[in-house]
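Participant: Return atomic coordinates for the entry below.
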Amino acid sequence: MKKVLFSLLAVLFMVTVVCCGESENAVDNVTLKNFANSGCKGNTRAGDEDRAEFIEYSVIHEGYLYLNHRNTLFNCCPGELGANIFVGENIITINEYETEQGCKCICPYDLSYEIGPLKEGEAYTLSIRQNDNEPITRKFEFKNSMSGVWKVTLAF
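Facilitator: Residues are numbered from 1 along each chain as shown. Okay, here's the model as predicted:
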C-alpha cells in the first residue's frame, strides 16, 4: 500500500511540474503600468514640423521598458486618455485610446507608461495602435541597458 501511495504521489508531483512549470513564452505576465498623459499641447495643423511624433524608450528598472509616446494626436476634447495591453507569442500590442471625440480639432499629447517584466536577451515585437490608425511596429531585443528614440513616420 505504501508503494502504491508513494507511486501516486510521485506521478502527481511530475504532472504538477510538467503542467505548471515555467513557460517558454517570454510575454507571460507582461503588464502595462504607471500610465500618465500630458494635457493638450496646443492645437496643431497639418505640416507643423515642430510637432514630430516619436517614442522615447529606456529601462528604468530591471525588466521594465519605459515608453514616452510624444506628440501623439488625439481629439482636443478626448474625455479620458488611456492605454491597454495584449500579449502573446512575444508580440506586445498596446492600444492607446480616447473615451470621447467631443471637439473638431486635434492636439498633440504625451503618453507614458511602463511594460514588463521583459526577459533580458529576448526578441519582441512591439505594436502601438491608436484608435483605428495603422500601428507603429518595432522589433527589438530587450536589454536592461537599452534606451533611445523611435521616430514615428506615418503615411497618409
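Participant: who's in contact with the nearest residue to Lys33 once chain neighbours are set aside?
Facilitator: Spatial nearest neighbour of Lys33, chain neighbours left out: Glu114 (5.3 Å); criterion: Cβ to Cβ, 6 or more residues apart in numbering. For the C-beta atoms, the positions are set from N, CA and C on the backbone; glycine is no exception. For Glu114, the contacting residues are Leu32, Lys33, Asn34, Ile60, Tyr64, Leu65, Tyr66, Leu67, by Cβ atoms under 8 Å, 6 or more residues apart in numbering.
Participant: With Thr31 instead?
Facilitator: Here Thr31 is in contact with Ile85, Ile115, Gly116 (criterion: Cβ under 8 Å, 6+ apart).
Participant: Test my guess that the last one contacts Ile60.
Facilitator: It refers to Gly116. No: counting by Cβ atoms under 8 Å, Gly116 stays clear of Ile60, with 9.9 Å between them.
Participant: Look up which residues are beta-bridged to Ala123.
Facilitator: Following DSSP bridges, Ala123 is listed with bridge partners Glu141.
Participant: sorry, back to before: most surrounded residue in the contacts of Thr31?
Facilitator: Ile115 (24 neighbours; other Cβ atoms under 10 Å).
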